[in-house]
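Peer 1: Need coordinates for the following:
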Amino acid sequence: LEKIGFQITFDLDTKGKFNILLSKEDVQYKYTDLSCGQRLILQIALKLSLLLQQNKTGIILSDEGLSALENNNLEDIINLFKELNFQLVFVLHRASIEDPEINIIKLGV
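Peer 2: Next up is the predicted model:
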């Protein structure tokens, strides 16, 4: 989560409800405060952290779900995978990614 600038804590309130509390640049966020793209980034980061904790490596496949993201959120997800023992393979309908570390295969051009 540090790669995308969030710190996370978990809270159990008096009613037994589980809350995810986030902070970024000294601003507190609830999970419900995040945009859809930020939620997706957080979900991917949490899943990756579980895999890393188990010393797993491999390929992560994503269908067209990443196509709905704005470029800055997409870049954040791509940056999550840099320097990790995972490869990300995904489908986009539009891409304005210019990064020499990323292999782009254009179909139907």
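Peer 1: In terms of helices and strands, where is Y29?
Peer 2: Using DSSP states H and E, Y29 sits in strand 27-30.
Peer 1: For that strand, list every residue counted as buried.
Peer 2: Buried residues in strand 27-30, counted by 16 or more other CB atoms under 10 Å: Y29. (Glycine included, C-beta is placed from N, CA and C.)
Peer 1: mind listing what that strand pairs with, with the direction of each?
Peer 2: strand 18-24 (antiparallel) (DSSP bridges).
Peer 1: and the strand it pairs with, C-alpha only, in PDB?
Peer 2: Extracted C-alpha coordinates of strand 18-24, given in PDB (Å, rounded to 0.1, in the frame of the first residue of the first chain):
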ATOM      1  CA  PHE A  18     -15.300  -4.200  10.700                       C
ATOM      2  CA  ASN A  19     -14.000  -0.900   9.200                       C
ATOM      3  CA  ILE A  20     -11.100  -0.200   6.900                       C
ATOM      4  CA  LEU A  21      -9.500   3.100   7.700                       C
ATOM      5  CA  LEU A  22      -7.100   4.700   5.300                       C
ATOM      6  CA  SER A  23      -4.900   7.700   5.400                       C
ATOM      7  CA  LYS A  24      -3.000   9.400   2.600                       C
END
